[in-house]
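A.B. asks: Fold the following.
(2 chains)
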Amino acid sequence: MENVFVILVGSILVNNFIMSRFLGICPFLGVSKQLGTAVGMGMAVTFVMALASMFTYMVQRWLLEPLGLGFLQTISFILVIAVLVQVVEMMIKKLSYGLYKALGVYLPLISTNCAVLGVALLNMTENYSLLESVMNGVGGALGFTLAITLFAGLRERFELTDMPKWMHGFTGALITAGLMSVAFLGFQGFIR
Amino acid sequence: MMTIIYAVAVLGGLGLVFGVLLAVAGKVFYVAVDKRAAEVLAVLPGANCGGCGYPGCKPFADALVEGEAPANGCPVGGQELADTLGAMLGIDPGYSRRMTAMVLCQGTVDHCKPKYRYQGIKDCLAASLVADGNKSCHYACLGLGTCVAFCTFDAIRIDTRNQIAVIDPDKCTGCTVCIGRCPRKVLSLQPAGTPVQLLCHAAERGKLVSDNCTVGCVGCDLCDKACKFGAITMVDNLPVIDQEKCVGCMMCAEVCPTTAIWGDFDNRKEAVIEREACIGCGICKKLCQFEAIGGERKQPHVITEACTGCGACVEKCPKKCIHMRVRRHLRDALDNAEARAALAVFGNDRE
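C.D. replies: Residues are numbered from 1 along each chain as shown, chains lettered A, B, ... in the order given. As a prediction, the model looks like this:
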């Protein structure tokens, strides 16, 4: 149980997917203009990553390894993730059309979000159990949500500040992201 | 060999399972999408100008299909498009009032006092940066032609002698591009062909306005009092004319001491009673708010000069013997150019 907690905290703060692993930067920059959409995106990614961790574990351990098909890992993981994203897209369209519109093109892009594939592959290299994999997925996604929410809040205020014009938009966003990454580096060494 | 077969079987099997899963999910989470939205989008002008109040043509099409937007919502397409959309969607096309941009200022150099002699760049924005423009009124059209460059329909020209922008209402499509470009905010989208129009937007106290300009609205409230149909409300020292309620009696333009309210007096109407059909019931006489109908009971009624052409009597006449026609002017009677010129010297040349 202790191990699960360490994995959770580790993937949220220490090995934050965006801030220290630099995975999933596309939606991080693309959907972080408004706080509301950023939180919605975080929730969608959390859902996809938790399920992806679970299903990829099942596919890997119960299907590929017994049959000695380890080399099919990447392609079957991509398949799983693509299907999950499709399901999530349908669900969001049904449950919250506003969020569906706000997420726009970034919603299908979750399927190409390298954080999702990254967490699935990391789970396998770290030899996590099913529970640990899911916790790593949930933790990683919560870390993503944390980062994108903080970043969106910063960007919203940033747009209102009296900055030189060239600092508005992506220039400022990238500098802010860099500084945030430095801040997250402070968590390094919490766990070994 | 077996590995290849396993690999194919596993991937194929996974694909099949996921396919079934997606098909089921598609049924469970099915959202009805109206296919008409695409058809509607195809007939819209596609300018994405935002004149309808929606972010672009697509959201407007969606709103149309959902029944939220009116068929006549698109100012660019006009009545023709409204009819097409009405037929496509089976809804009431409605009356699409053509909108045009208007210069809400009559402050030509003769009327609006110049503040200083401007000799800089021929651009309204540049001029308004120098002590708030070269005309004494803060709200005046500077007439340097910033808007002209943005009009793609060649509908704006500058009257250089009078230093004011003039919009050709026939060429203007109401696309609103110029409105956003005017640094003086003097351009405004207004319904075309209305009988009266306030041509001033100086929301200052009357004294300030009259010091600066002879044709500015001083907020005297006379038009509000003169309007017998409740179409005028005073907002920020300016009368707001509700064109829905306006019947075109032009009393507001008539009483306006500064002619800030323009009236289309050329096309002012008057009522005429068919003497033969009138039974002298007195309904119209009682109804007329301008005491313009005379004549005894049981005798054919007569309409006097006081008629403003509001048309209130037409509907109520039980014999339907009152008709509206364009009022004849003294000017039309005088057919020679000399007399016309003489009239123009005396009166308001619009009247």
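A.B. asks: For stretch B:25-38, C-alpha coordinates in CSV please.
C.D. replies: What follows is stretch B:25-38, C-alpha atoms only, in CSV (Å, rounded to 0.1, in the frame of the first residue of the first chain):
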residue,chain,number,x,y,z
ALA,B,25,-20.7,2.8,-27.5
GLY,B,26,-21.9,4.6,-30.7
LYS,B,27,-25.4,3.4,-30.1
VAL,B,28,-25.3,4.1,-26.3
PHE,B,29,-23.9,7.6,-26.7
TYR,B,30,-25.7,8.5,-29.9
VAL,B,31,-26.3,12.2,-30.3
ALA,B,32,-28.7,13.3,-33.0
VAL,B,33,-27.0,15.6,-35.4
ASP,B,34,-29.2,17.7,-37.7
LYS,B,35,-28.1,17.1,-41.3
ARG,B,36,-29.9,20.3,-42.4
ALA,B,37,-27.2,22.4,-40.7
ALA,B,38,-24.7,21.6,-43.5
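A.B. asks: ok, and for that stretch, which residues are buried?
C.D. replies: In terms of neighbour count (16 or more other Cβ atoms under 10 Å in any protein chain shown), stretch B:25-38 has its buried residues at B:25, B:29, B:37. Backbone N, C-alpha and C define where each C-beta goes, glycine included.
A.B. asks: Of those residues, just say which sits nearest to chain A.
C.D. replies: Set against chain A, the nearest of those by Cβ to the nearest Cβ is B:F29 (4.0 Å).
A.B. asks: my guess is that closest one meets A:K94, correct?
C.D. replies: Yes. In this structure B:F29 lies within contact range of A:K94 using Cβ atoms under 8 Å: 4.2 Å.
A.B. asks: and chain A, which of the buried residues of stretch B:25-38 contact it?
C.D. replies: Near chain A, judged by Cβ under 8 Å from any Cβ of the partner chain, the entries from the buried residues of stretch B:25-38 are B:25, B:29.
A.B. asks: and B:V209, how many residues sit next to it?
C.D. replies: 25 (other Cβ atoms under 10 Å in any protein chain shown).
A.B. asks: any idea how far whichever helix or strand it is part of is from the chain center?
C.D. replies: If you go by DSSP states H and E, B:V209 is part of helix B:206-212. Put simply, helix B:206-212 sits 27 Å off its chain's centre (Cα atoms, centre = their mean, to the nearest Å).
A.B. asks: so B:L81 makes contact with B:A42?
C.D. replies: No. Using Cβ under 8 Å, B:L81 is not in contact with B:A42; the gap is 11.9 Å.
A.B. asks: neighbour-wise, which of those two wins?
C.D. replies: More neighbours surround B:L81 than the other of B:L81 and B:A42, with 20 against 10 (other Cβ under 10 Å).
A.B. asks: Please tell me how far A:S11 sits from chain B.
C.D. replies: According to Cβ to the nearest Cβ, to the nearest Å, A:S11 stands 27 Å off from chain B.
A.B. asks: quick one: that residue is in a strand?
C.D. replies: No. A:S11 sits outside any strand when classified using DSSP: H, G, I helix; E, B strand; the rest coil, being helix.
A.B. asks: That one: how many residues sit nearby?
C.D. replies: A:S11: 25 surrounding residues under other Cβ under 10 Å.
A.B. asks: per-residue pLDDT, it?
C.D. replies: Note on A:S11: pLDDT of 89.
A.B. asks: and it, what does it touch?
C.D. replies: Going by Cβ atoms under 8 Å, 6 or more residues apart in numbering or on different chains, A:S11 touches A:17, A:119, A:135-136, A:139-140, A:142-143.
A.B. asks: quick one, helices of chain B?
C.D. replies: Using DSSP state H, the helices of chain B run over B:2-28, B:36-43, B:57-65, B:78-89, B:124-129, B:146-150, B:177-181, B:206-212, B:222-226, B:251-255, B:283-287, B:312-316, B:330-333, B:337-346.
A.B. asks: what helices or strands is the first one leaning on?
C.D. replies: Here helix B:2-28 touches helix A:73-95, going by 3 or more Cβ pairs under 8 Å, 6 or more residues apart in numbering or on different chains; DSSP states H and E.
A.B. asks: what does the fifth one give?
C.D. replies: Under the contact criterion of 3+ Cβ pairs under 8 Å, 6+ apart, the helices and strands touching helix B:124-129 comprise helix B:146-150.
A.B. asks: Just the buried positions in the helix it packs on, please.
C.D. replies: Neighbour counts over helix B:146-150 (16+ other Cβ under 10 Å) mark B:146-147 as buried.
A.B. asks: Pick out the most distant pair among the contacts of A:S11.
C.D. replies: Greatest spatial distance in the contacts of A:S11: A:F17 and A:M135, 14.2 Å, computed using Cβ to Cβ.
A.B. asks: Look at these two and report which has more neighbours.
C.D. replies: A:F17 (29 against 23).
A.B. asks: Next, that one: secondary structure please.
C.D. replies: Assigned by three-state DSSP, the conformation of A:F17 is coil.
A.B. asks: Which residues are in contact with it?
C.D. replies: Contact analysis of A:F17 by Cβ under 8 Å, 6+ apart lists A:11, A:23-24, A:115, A:118-119, A:140, A:143-144, A:147.
A.B. asks: what do you get if the cut-off is 10 Å, keeping everything else the same?
C.D. replies: Neighbour list for A:F17: A:11, A:23-25, A:28, A:45, A:49, A:113-116, A:118-119, A:122, A:139-144, A:147 [criterion: Cβ atoms under 10 Å, 6 or more residues apart in numbering or on different chains].
A.B. asks: Give me the buried entries from the residues you listed.
C.D. replies: In these, the ones that pass as buried (16+ other Cβ under 10 Å) are A:11, A:23-24, A:28, A:45, A:49, A:113, A:115-116, A:118-119, A:122, A:139-144, A:147.
A.B. asks: Return the helix or strand in chain A with minimum mean pLDDT.
C.D. replies: Lowest on mean pLDDT, DSSP states H and E among the helices and strands of chain A sits helix A:97-103, with a mean of 77.
A.B. asks: can you give me the angle the helix or strand just after that helix makes with helix A:73-95?
C.D. replies: Of the helices and strands lying after helix A:97-103 in sequence (DSSP H and E), the nearest is helix A:114-125. With axes from the mean of the first three to the mean of the last three Cα atoms, to 10 degrees defining the directions, helix A:114-125 sits at 130 degrees from helix A:73-95.
A.B. asks: CA atoms only: put helix A:114-125 into PDB for me.
C.D. replies: Listed next in PDB are the C-alpha coordinates belonging to helix A:114-125 (Å, rounded to 0.1, in the frame of the first residue of the first chain):
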ATOM      1  CA  CYS A 114       2.400  11.000 -25.900                       C
ATOM      2  CA  ALA A 115       1.700  11.200 -22.100                       C
ATOM      3  CA  VAL A 116      -0.900   8.400 -22.500                       C
ATOM      4  CA  LEU A 117       1.300   6.100 -24.500                       C
ATOM      5  CA  GLY A 118       4.200   7.100 -22.300                       C
ATOM      6  CA  VAL A 119       2.400   6.100 -19.100                       C
ATOM      7  CA  ALA A 120       1.500   2.700 -20.600                       C
ATOM      8  CA  LEU A 121       5.000   2.000 -21.700                       C
ATOM      9  CA  LEU A 122       6.500   3.200 -18.400                       C
ATOM     10  CA  ASN A 123       4.200   0.900 -16.500                       C
ATOM     11  CA  MET A 124       5.700  -2.000 -18.400                       C
ATOM     12  CA  THR A 125       9.300  -1.000 -18.000                       C
END
